[in-house]
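Student: Provided below for reference: sequence and predicted model.
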Amino acid sequence: MSRSDELLLDLRGGLPARVRDGLRASIDDADQVAYARDLWPRHHMAVRAGHVGEHRPGLIVWPESTEEVQAVVRWAADRRIALVPFGAGSGVCGGILPSEDVVVVDLKRMARWRQLDPNAPSLDVEAGALGLPLENELGRRGFTLGHFPSSILCSTVGGWVAGRSAGQCSGYYGKIEDMVVALECVTGTGERVVMSRRAHGPDLTPLLIGSEGVLAIITAATLRLHPAPTARAFAAFTFPETAAGWEGMRQVFQAGLRPAVSRLYDPFDAMMARMGAVKGKGKSRGAEKKGTPAPGLGSVALRSILRRPFALNEVIDRVGGRALGGAMLVVIFEGQGDNPASDLARARAILELGGGRYDGEEPARRWLAHRYSVSYRQAPVYAAGAWVDTMEVATTWQNLAALYDGVHRALGRHAFVMAHMSHAYPDGCCIYFSFAGSAASSGGVGPSWDTASLAAYESAWRDGLAAAEAAGGTIAHHHGVGRSKAPRLRAELGAGIEIVRAVKASLDPLGILNPGNLIPDDVPMTAPTSEVVGVATAPTDARMSLDRVSMLAEVAADTSLSELEAWLGREGLTLGVLAANVTPASLGDWLADGAHGAPDAWLDPADHLLAGFVARFHRGQHGRLDVVVRPAPRRSVGPDLVALLVGARGRFAELSRVWIRVHEIGGARPATAPFTGDRDSPVSAQEAGVFAKLEEVLRL
């Protein structure tokens, strides 16, 4: 009897009768191959080399209710069998890598709408709901979630939450963490827990958002909705150099404007887009096919070009941005009535004053029409014997040039590189690098070629992530960590890795949920550390310092709120805290108590309060651990430890320093449609139990 047969037989015999009779399960070969991987490009390379389905799971189950998920988890926990939650398999970081002893739990049969509250407005929906059908149905009812990842055709609500996803309209609607009102999950012991987001804490949802299936299985989410837009305004601008374009983006966001889309393409990426637009005019589908080179000739040419990427990158750099036609910024505002057109007029004035040339609406309209196409153009590259991938890193505006130059150079030693700024915020930006490479050998495709290609691919990733760390950036803005970036997580979170491990121990004490994913497989720390990578963002000795470019203040947590506000006032700045809440209490105590009076996060989802922090966590056998999270506008590097700080009343840690958002006194403050859902619901007994268990684990 095979291991798969054993698992299926044991499952049938180990479940309650009411679950056993309705739960669909499979050990079919085709199903096992289909669930053997996600879309990590390293998997694509393995398939090209003939290694198909090497990581097949022993069993796949398709639960249709939270009760069935609980039953499967309890069965697995009793037998120490690993479970891998599965959405639609569109992850690109190796979050799925099962074995014959693993059971994959596919949640797509759990896609029901439980409740649509048109007054909040919000939607309680199960985790398996696919993106595009969800958004289309919301549109028919007059709403939008506002979440449009490139993978919307093949990703689920649960996957978005687990990966801390960003959609293409994050500049107005925020990322998925800004849309979550509550989460239902099943922990590693089979307990159902509903976690609610609270304006003033305590709030466990940031620990689940970005947890990548290692803490609990997300079974449903209540999500904040917006009225469906009734109008859009489109524009494109050309800047002589990329830096001038991102300076324009910074000024737009810091002026209180929130374009749903603001994407800045570097000169080569912009040139390719312009060429594609010209070639596409007036051509029928048949005409385009007729002009396509023969596959064999195209493959040889592509491999030849990519064998020496450094030289190709160097030629493009020498030519310069102006000669290539400049960088291109695509801007789209959306909303109600005349608001989009009015906002675009303000943005246009800012961008033209900064050297941007208005190029009309067409490039932006064309981008919107083809916004999902790029995700499906990679297969021919792999078939040709080359590889292609993307890396999304982020940092503050002050640090953006160092991040862009450093990562571009590092990747450019191994691959041909293009980049665009894909998601902007008031305090910083995400840079989305696209890079392609191949083996340096001039021989034909074969085993040695595949080995050499993989070595080049891994070198590009290693050097690119190291460069991001050295520049003070975050290694993931929205794709997550998986196995691809897990080895580098220690450099970003330092001792924070031990806190993530503690959170896992409290929610999944037997370690059965997606083992090997996200959390680095290294030796736990035995002593506190406060090591910071990236001189540009190391904490200063000053009690207060200001990064005016990024509109961030770095402040010692024992500084009084009134003292900080007075200091900022002399600079023409403010925290934006309601006057009645500006007290002599320390900044750390104010945050631990829930930051009462801070700007309403529901009204401006693209903004946030804290960009980074230094905190001393309670950690039993290690004494206390100093955790440094460098400032970034947004990140996707596992659970957000801010959940254990803001509104947590000092139960888990004490803040030492913070990087906090500041605003111009009297400056324009954006506001989306109102949200009237419950902002500070009472802490449930289940949530209190999770907090107590986590506190217990941290103090062991």
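Tutor: Yep, that arrived.

Student: how's the chain carved up into domains?
Tutor: The record's domain split for the chain, according to automatic domain parsing, is 3-106, 113-227, 231-279+296-470.

Student: Residue 652 is nearest to which of the ones you listed?
Tutor: Of all those, the one in closest proximity to residue 652, counting by CB to CB, is domain 113-227 (9.9 Å). For every residue, glycine as well, the C-beta is placed using N, CA and C.

Student: what's the span of the closest one, first residue to last?
Tutor: By CA to CA, to the nearest Å, the extent of domain 113-227 from end to end equals 18 Å.

Student: likewise stretch 107-116?
Tutor: End to end - CA to CA - stretch 107-116 spans 20 Å.

Student: List the buried residues of that stretch.
Tutor: 107-111, 116 (16 or more other CB atoms under 10 Å).

Student: hang on, the earlier thing: figure out which of the domains of the chain is closest to residue 591.
Tutor: With CB to CB as the yardstick, what comes closest out of the domains of the chain is domain 113-227 (9.2 Å).

Student: quick one: average confidence on that closest one?
Tutor: Domain 113-227 carries an average pLDDT of 97.

Student: now it, how far from the centre of its chain.
Tutor: 13 Å (CA atoms, centre = their mean, to the nearest Å).

Student: With stretch 480-499 instead?
Tutor: 14 Å.

Student: which parts of that stretch are buried?
Tutor: Buried residues in stretch 480-499 (16+ other CB under 10 Å): 480-486, 488-499.

Student: low pLDDT regions in the stretch 351-500 of the chain?
Tutor: By pLDDT under 70, the weakly predicted segments of the stretch 351-500 of the chain are 374-377, 441-445.

Student: Helices along that one, start to end?
Tutor: For the stretch 351-500 of the chain, the helices defined by DSSP state H, counting those that start in this stretch cover 362-369, 379-383, 400-412, 447-470, 489-493, 496-507.

Student: buried sites along the second one?
Tutor: Within helix 379-383, the residues that count as buried by 16+ other CB under 10 Å are 381-382.

Student: Check the gap between the one residue sitting closest to the centre of the chain and residue 635 for me.
Tutor: For the chain, residue 478 is the residue whose C-alpha lies nearest the centre (CA atoms, centre = their mean; 1.7 Å). Note on residue 478: its distance to residue 635, by CB to CB, to the nearest Å, is 9 Å.

Student: overlap in contacts of the two?
Tutor: Applying CB atoms under 8 Å, 6 or more residues apart in numbering, one finds that residue 478 and residue 635 are jointly contacted by residue 164.

Student: What sits closest to residue 153 if chain neighbours are left out?
Tutor: Nearest residue to residue 153, sequence neighbours excluded (CB to CB, 6 or more residues apart in numbering): residue 132, at 5.3 Å.

Student: Quick check: which element contains that neighbour?
Tutor: Using DSSP states H and E, the element containing residue 132 is helix 131-140.

Student: still on that earlier bit, need the phi and psi values for the residue nearest to the centre of the chain.
Tutor: phi -150, psi 0 (degrees, to the nearest 10).

Student: Disregarding residues adjacent in the polypeptide, which is nearest to it?
Tutor: residue 166 (3.5 Å).

Student: can you pull the contacts of that neighbour?
Tutor: Here residue 166 is in contact with 149, 175-176, 423, 430, 477-478, 634, 636 (CB under 8 Å, 6+ apart).

Student: make it 6 Å
Tutor: Residues in contact with residue 166 (CB atoms under 6 Å, 6 or more residues apart in numbering) are 175, 423, 478.

Student: coming back round to it: closest one to residue 389 among the helices of the stretch 351-500 of the chain?
Tutor: helix 447-470 (7.3 Å).

Student: which parts of that closest one are buried?
Tutor: 449-450, 453-454, 456-457, 459-461, 463-470.

Student: can I assume residue 496 is in contact with residue 626?
Tutor: No - using CB atoms under 6 Å, residue 496 is not in contact with residue 626; the gap is 9.7 Å.

Student: Show me the common contact partners of the two, please.
Tutor: In contact with both residue 496 and residue 626: no residue, using CB under 6 Å, 6+ apart.

Student: ok, now how distant is residue 77 from residue 400?
Tutor: 46 Å.

Student: Name the residues that touch the helix holding residue 132?
Tutor: Outside helix 131-140, the residues that reach it (CB under 6 Å, 6+ apart) are 144, 152-153, 155, 228.

Student: Identify the farthest-apart pair in these.
Tutor: 155 and 228 (20.6 Å).

Student: Compare these two (neighbour count), which wins?
Tutor: Neighbours per residue, other CB atoms under 10 Å: of residue 155 and residue 228, the larger number sits with residue 155, 22 against 16.

Student: Touching, that one and residue 88? I think so.
Tutor: Yes - the criterion here is CB under 6 Å, and residue 155 meets it with residue 88 at 5.1 Å.

Student: quick one, strands of the stretch 251-400 of the chain?
Tutor: 261-265, 327-335, 357-358, 387-396 (DSSP state E, counting those that start in this stretch).

Student: Could you export those to a markdown table, including columns for mean neighbour count?
Tutor: Putting the strands of the stretch 251-400 of the chain into a markdown table (neighbours: other CB atoms under 10 Å) gives the following:
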| stretch | mean neighbour count |
| --- | --- |
| strand 261-265 | 26 |
| strand 327-335 | 27 |
| strand 357-358 | 12 |
| strand 387-396 | 25 |
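
Student: So which of those is nearest residue 574?
Tutor: strand 387-396 (19.2 Å).

Student: quick check: angle from the closest one to helix 400-412?
Tutor: 160 degrees (axes from the mean of the first three to the mean of the last three CA atoms, to 10 degrees).

Student: OK, contacts around the spatially closest residue to residue 361 that is not a sequence neighbour?
Tutor: Nearest in space to residue 361, with sequence neighbours left out and distances taken as CB to CB, 6+ apart, is residue 234 at 4.1 Å. By CB under 6 Å, 6+ apart, residue 234 lies in contact with 332, 361, 364-365.

Student: And for residue 426, the neighbour number?
Tutor: 26.

Student: gap between the nearest residue to it once chain neighbours are set aside and residue 53?
Tutor: With sequence-adjacent residues excluded and distances taken as CB to CB, 6+ apart, residue 426 is closest to residue 253, at 4.8 Å. Distance from residue 253 to residue 53, counting by CB to CB: 45 Å.

Student: contacting residues around the closest residue to residue 96 other than its chain neighbours?
Tutor: In this structure, residue 96 finds its nearest non-sequential neighbour in residue 38, 4.1 Å apart by CB to CB, 6+ apart. Contact partners of residue 38, counting by CB under 6 Å, 6+ apart, are 89, 91, 95-96.
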